[in-house]
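Engineer: structure for the following, please:
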Amino acid sequence: MRSIWVNGKENRKSLGHRDRELATRQGYELLSALLANELAFSEESLTLGMLRDLYVKSPRHLAKKAGTRKHDESKLKRVVTFLGPSRNVVSLSESDVQRFVTARRVGEKELEGVKAGKTVQNRTIEADLMLLLAALNWSVRERSANGRRLLRENPLIGVKLPRERNPRRPVLSHAEYVKVLGAASSVHRLLELALILAEGTGRRISAWRNLTWDDVDLPGASIRWRAEFDKKGYEQIVPMSRPVAKALRAVRKLQAAIGAAPVFPAPKDSSRPCDRHLLDNWLRRAFKNAEVALPMGGLWHTLRRKWATERKGYPIKDVAAAGGWRDERTILTSYQQVDADTVKRVVLHPTQRLSGAK
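Structural biologist: Numbering: from 1, shown residues only. Model (predicted):
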């Protein structure tokens, strides 16, 4: 137990263990952090612990979806705990970033929420450090009650983060999709609809698995994609293709469902949508039954990349709007893939011939 005094009243908190030696060490660590924060206030500076606490309470962070907030807070906590909550922010340097990169890559046991010895790629390390940079950039723009900036400048500005040189972005071919779709019904009746929706709309799994029948307008041939299940919080109504409409109509007739009932009801609780891990497992089984190799580094997202790649040639703004992207650059760098047929057409069929200079 540890005692915290608030307004003269004692409030005891459990440490979650009975190790006296560990409790003593944690007590000294807490005291050290409190003293560091007090010193930082007197010097009008900022510790990493203070930065973390202020950032997670900021409107910028609270505007994120609940799941995103949880993941971001765990990443930021991991970096801050490693570098030291009592560390003065202005003392951070490129060497600190490199220390974290080295430790995170090999899975050092001191890291918060990391399985000891588990190695990770650069993309995972970058994601952790991006949260620290986001908090630092936020603190530069934020002011205290007396009008002083929380941080005069970002001490890590210009520091390069690790990047994947050859990121895995697998895309499913149409022939592979057809084979997996053919094996879907042998796994579960909802998997066939899931595949048709994922391939026919290009949407993320979080968007289509949370659809309700209220979102589906079969007479109008459109789907409402709700902001609460969109990664960027973007709500829109988008037309649906004939194969998607046909599949939805068949399932709706089978379910005899309307209104707020989920399109993908969970097997054990029809009032809730299917868990994404269950859908993942179903898809893995379909790959196996279809004798199609499971993509390395991707599952449902291979269909999102398929959708984007098959629509090269359309105006990028329209592709982004139809598929639910807010950032056109993301489609070009992470989703639309180079394919041999398009490269061949580019080489053999120029769109125009230049006339001579006038």
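Engineer: which element, helix or strand, includes residue 80?
Structural biologist: Residue 80 belongs to helix 66-83 when assigned by DSSP states H and E.
Engineer: which other helices and strands contact that helix?
Structural biologist: Packing partners of helix 66-83 (3 or more CB pairs under 8 Å, 6 or more residues apart in numbering; DSSP states H and E): helix 48-56, helix 59-62, helix 94-106, helix 122-141. C-beta here means a position set from N, CA and C on the backbone, and glycine is covered the same way.
Engineer: buried deepest among those, which one?
Structural biologist: When the helices and strands packed on helix 66-83 are scored by mean count of other CB atoms under 10 Å, the highest mean neighbour count falls to helix 48-56 (a mean of 20).
Engineer: just want the most central residue of this protein.
Structural biologist: With distances taken as CA atoms, centre = their mean, the chain has residue 68 as the residue nearest its mean C-alpha position (6.9 Å).
Engineer: and the pLDDT at it?
Structural biologist: pLDDT, residue 68: 86.
Engineer: how many neighbouring residues does residue 117 have?
Structural biologist: Neighbour count of residue 117, defined by other CB atoms under 10 Å: 9.
Engineer: confirm it sits in a strand?
Structural biologist: No. Residue 117 is assigned coil when assessed by DSSP: H, G, I helix; E, B strand; the rest coil, not a strand.
Engineer: show me the contacts for it.
Structural biologist: 106, 107, 109 (CB atoms under 8 Å, 6 or more residues apart in numbering).
Engineer: repeat the analysis, applying 7 Å as the threshold.
Structural biologist: The neighbours of residue 117, taking CB atoms under 7 Å, 6 or more residues apart in numbering as the test, are residue 107.
Engineer: for the remainder of this discussion, apply numbering that starts at 451.
Structural biologist: Sounds good: first residue 451 from here, last item residue 567.
Engineer: please tell me how far it sits from residue 763.
Structural biologist: 47 Å (CB to CB, to the nearest Å).
Engineer: circling back to that earlier point, now for the helices and strands packed on helix 516-533, which one comes closest to residue 634?
Structural biologist: Residue 634 lies closest, by CB to CB, to one member of those: helix 572-591, at 30.0 Å.
Engineer: surely residue 723 meets residue 656?
Structural biologist: No. Between residue 723 and residue 656 there is no contact, the gap being 9.9 Å when judged by CB atoms under 7 Å.
Engineer: about what we covered before: tell me which of the helices and strands packed on helix 516-533 lies nearest to residue 669.
Structural biologist: Of all the helices and strands packed on helix 516-533, it is helix 509-512 that lies closest to residue 669, at 39.1 Å by CB to CB.
Engineer: run the chain-centre distance for the closest one.
Structural biologist: 16 Å (CA atoms, centre = their mean, to the nearest Å).
Engineer: contacts for that helix?
Structural biologist: 505, 519, 588.
Engineer: so can I have a markdown table of the helices and strands packed on helix 516-533 showing distance to residue 795 and mean pLDDT?
Structural biologist: Shown next, in a markdown table, are those (distance: least, CB to CB, whole Å; pLDDT from 0 to 100):
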| stretch | distance to residue 795 | mean pLDDT |
| --- | --- | --- |
| helix 498-506 | 49 | 93 |
| helix 509-512 | 45 | 91 |
| helix 544-556 | 41 | 95 |
| helix 572-591 | 32 | 93 |
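Engineer: need those helices in CSV (columns: distance to residue 786).
Structural biologist: Putting these into CSV (distance: least, CB to CB, whole Å) gives the following:
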stretch, distance to residue 786
helix 498-506, 34
helix 509-512, 30
helix 544-556, 30
helix 572-591, 19
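Engineer: neighbour count: residue 723 and residue 656, which is higher?
Structural biologist: Between residue 723 and residue 656, residue 723 has the larger neighbour count (other CB under 10 Å), namely 20 against 16.
Engineer: now do the phi/psi pair for the residue lying closest to the more buried one once chain neighbours are set aside.
Structural biologist: Leaving aside its sequence neighbours, residue 723 sits nearest to residue 712 (CB to CB, 6 or more residues apart in numbering; 4.3 Å). Residue 712 adopts backbone torsions of phi -70, psi 140, taken as degrees, to the nearest 10.
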